[in-house]
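# just to be clear, the model below is a prediction. Sequence and coordinates:
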Amino acid sequence: MVIKLNNVSFQYENQPETLSGIDLEIAPGECVLLCGESGCGKTTITKLINGLIPHFVEGGVLSGTTAIDNINIAETEIYRLAQYVGSVFQNPKSQFFNIDADSELAFGLENAGVDPAMIRERLEQTIKALHIESLMGRNIFSMSGGEKQTLAFASVYAMNPDIFVLDEPTANLDADAIELLRQQIIKAKSEGRTVVIAEHRLYFLVDLIDRAIYIENGKISKIFSANELWQLSESERISMGLRSLKKSELLIPTVGSSTDTPDLTVENLSCAFDKKEIFHSLTFSVRSGEVLGIVGHNGAGKTTLTRCLCGLHKEKSGIIRLDEKVLKPKQRQKSCFCVMQDVNHQLFSDSVYNECLLSSPNRTEEEIDKVLQAFDLLPFKERHPMALSGGQKQRLAVATAVLSEKKVLIFDEPTSGLDYRRMLEVSGVINQLKAHGKIIIVVSHDFEFLNQICDKVYYIDK
Amino acid sequence: MSSAAKKGRLNFDPRTKLILLVIANIVAFTQQSIWVEIAWVVSLLILIAVCGCGKSACKLAVAFSICLLLQYYIVPVMPQVLATTFLILATYARKIFPCLIIGTLLVQKTSVREMTAALRKWHVPQGLIIPLSVTIRYFPAIKEEIGYIRDAMKFRDIHGIQKLECLVVPIMMSATATAEELSAAAVTRGIENPNKKTSIVTMRFGVHDVLCLAFGIIFCVVAFIIV
Amino acid sequence: MKNSTTNTMRMKGKDLITVGIFSAIYFVINFAFMLLGTIPIMWILMPGLIALFTGIPYMLLAAKVQKPGAIFLMGLITGLIYFITGQFTTVILITFVIGCGLAELVRFLTKYKSFMGNTLSFACFSIGMIGSPLPIWLFKESFIAQISEQGMSADYVASIEALSSTGMLVLMIAAPIVLAFVGAFIAKVLFKKHFVKAGIV
């Protein structure tokens, strides 16, 4: 099916125009990348194709027409479009409707009223084609983010759509899960389906896409062939605000088990969960003003390690020492701060200023202003934390930690779903903390980012 | 309601369990004879044990015995304040016991999909089935959220009544965001399709279902007769 | 130029899912107090306490889905889950249906937008919970007959009668109405402080 956008403009309720005068034609079987900085309008284009605009997004103003073949999207009910267009979204947590994987896979076909015998046949095909045998029969809440996203793709694939629309599908995925998604896209493409994908992360799309549409301020600013895109020079792609085109290799020295540097030392640390050991006898150390990256495969225990370091998980054995003093979990909670992957869970107050005051009530307004200024938050002092952008929320969480004089800051995947410029902003924050002599630990699989900020890397694996 | 029924054990049609629950309700509030009650509870316990809820059946049996013991032997020799408390508790708990037993069976041995399939068979409108399944799906999500938020609070030195506000606000914020995102995903997968929806869950009313319901109805009648 | 969606009063997929999510939150709070209800005096106060603490999800749902049926569905779901898990009886289903019906009527009459209207509907809705302790009064006679037969002293019977007196019945019914207003007020404070400012309602 041909996708045609004819002079489309769109404006969300009470906001300036997001897209203006978009003309775009995508041929059947084509794989097209929509790229550009956050807020450029690429997600909005995906919503035009899957019909969320105009059918789901309320109060917007749309002009121009979007059509697939002869079907005008604006005049077709979204459940009819579901036959032709399948959508995968950014957040793995909020796109499954059922508790068990089997129901989820059948969900779309059951909605369409397909005969049960045919559904079963189609599910079998899907499971085979995408190799998801290991997911079947499982509770979705027990799955990792990557597994959830794999299932989300499979549930869309099961509906057999001609067009796949993927909106930042890798935002919350690690390298292994990204590779899985890549294989799934290859499969869909080899079957002649059209794939439209809006993404920041580009390296995994090498030799997958046919064209890349670069969007700037709601307009198509350049269209690249696959070759042209991959041959962009480093400086060109950085000036366009794009993430690395090649899979980054870690250029930081990995550390072995040594504790010759003081400040924060971890000795023979083991953690268990329900008696099952997650990792065994880890030893490493970090100095003040140093950034340690922690990398490792899924299931190696990165999450448990961070939780243990900041005192949320009790160690099975081993010692964690800060400034020569052995710390118990409760004490670690006092001197550590973890910036979580979903920072929404850690902002509580009704304004940026009060958020700062909440955990350090003895600070003067000047002191708080100074910290807010340092993290580019001063203009938003009276704003509600939840009305901030993702990056601002993250910086606010860091600001609260700085104000309560935490010595150790731990970042859990701080760059998930960020474009190049926003990744640089995070690097900036970390460099500032470094200059303040904080001990910084960053858990991430974003090697491009780790290369920029880390002094050393600890590799954790079974 | 997550674990699907295992093969090889006696498994009733979800509709049977739901009807049985209604019957249990009727029996609970009509029967007066302690012997009818005990017989009813014991047969239900055997029923769920056969269905694979052996462990729970044992626990419930112990709890029921404690209620009886309390009421007939312990309460009469207790100080009055305690006695009132325990008497009402034990009496009421005993009343809803049969419902609790079948409820246990439903929760442990019926998956959400079987339940929705049963409700669809009964022509319960989509307008109820959709939010009901979302509610059940969102329970584990709330648990997850609360876990994250409580973790985050530990770094922030938050105390007293403030804790409550700091818990409630992010939960509400996140519920609003989830409602938006989940709806987008569900809508693009055709949840608004007015067609008759199908289900790959097969349900058959077997001989054992008929026998089970017949048994329930007999008890119902007996409960009405023996007062 | 065209506006992207036309507002209908019929609930769409998104509305139904929103109802589902807020019902889950409502149910969790409700259930927490239900557990407290194992102490008889708490049981009688339970409908009131639930009203006090569920104002936030209720008012948020009422603000998010300004369409007929949203509240009725929330009540129905709560009642059904209690029913399916066997913790409850047909009595509560009936009171819930009455409470929700009244709440919907109030919402319809006050056009879904007014805070006072939603508060009033919340008070009606909260009365639905009285179906839980109501059997104390409904089956009072058979209950008292039963304990008398058991050979309990007249003292015991008297104290049970005191607990299930008409005064207690009035208290049990009045508490949710009064506390619903308090609960809605708390919600209003949080709306102003957080939800409106954050732009979610």
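Sure thing, it's come through. Numbering: from 1, shown residues only, chains lettered A, B, ... in the order given.
# contact residues of the stretch 101-250 of chain A facing chain B?
Within the stretch 101-250 of chain A, the positions adjacent to chain B are A:102-103, A:106-116, A:119-120, A:123, A:137, A:139, A:141, A:152, A:155-156, A:159 by C-beta under 8 Å from any C-beta of the partner chain. (Glycine included, C-beta is placed from N, CA and C.)
# from those, which land in helices?
Among these, the members found in helices (DSSP state H) are A:102-103, A:106-111, A:116, A:119-120, A:123, A:152, A:155-156.
# geometric centre of chain B: which residue is closest?
residue B:103 (3.8 Å; C-alpha atoms, centre = their mean).
# now do the host helix or strand of that one, average pLDDT.
Using DSSP states H and E, residue B:103 sits in helix B:80-109. Taken as a whole, helix B:80-109 has a mean pLDDT of 79.
# do whichever helix or strand comes after that helix and chain A meet?
Next in sequence after helix B:80-109, counting helices and strands by DSSP H and E, comes helix B:112-121. Yes. Helix B:112-121 lies within reach of chain A by C-beta under 8 Å from any C-beta, at B:112-113.
# hmm, who's touching helix B:112-121?
Outside helix B:112-121, the residues that touch it by C-beta atoms under 8 Å, 6 or more residues apart in numbering or on different chains are A:98-100, A:102-103, B:1-2, B:4-5, B:13-15, B:18, B:106, B:128-129, B:132-133, B:136-137, B:197, B:199, B:201, B:203, C:84.
# in helices, which of the residues you listed appear?
Those of the contacts of helix B:112-121 lying in helices (DSSP H): A:102-103, B:14-15, B:18, B:106, B:128-129, B:132-133, B:136-137, C:84.
# so among the residues you listed, where is pLDDT lowest?
residue C:84 (77).
# separation between that residue and chain A?
Distance, residue C:84 to chain A, using C-beta to the nearest C-beta, to the nearest Å: 15 Å.
# can you list the domains in chain B?
Taking automatic domain parsing as the reference, chain B has its domains at B:14-116+B:204-225, B:125-187.
# out of these, which is the most enclosed?
Highest mean neighbour count among the domains of chain B (mean count of other C-beta atoms under 10 Å in any protein chain shown): domain B:125-187, with a mean of 19.
# can you pull up the most central residue in chain C?
Most central in chain C (C-alpha atoms, centre = their mean) works out to residue C:126, at 3.3 Å.
# tell me the helix or strand right after the host helix or strand of it.
Counting by DSSP H and E, the element that carries residue C:126 is helix C:115-127. Note on helix C:115-127: by DSSP H and E, the next helix or strand toward the C-terminus is helix C:135-138.
# whichever helix or strand comes after that following helix - what's its average pLDDT?
With elements assigned by DSSP H and E, the helix or strand that comes after helix C:135-138 is helix C:140-149. Mean pLDDT, helix C:140-149: 73.
# name the helices or strands packed onto the helix or strand just after helix C:140-149?
Under the assignment DSSP H and E, the closest C-terminal helix or strand after helix C:140-149 is helix C:154-163. Under the contact criterion of 3 or more C-beta pairs under 8 Å, 6 or more residues apart in numbering or on different chains; DSSP states H and E, helix C:154-163 touches helix B:80-109, helix C:40-53, helix C:140-149.
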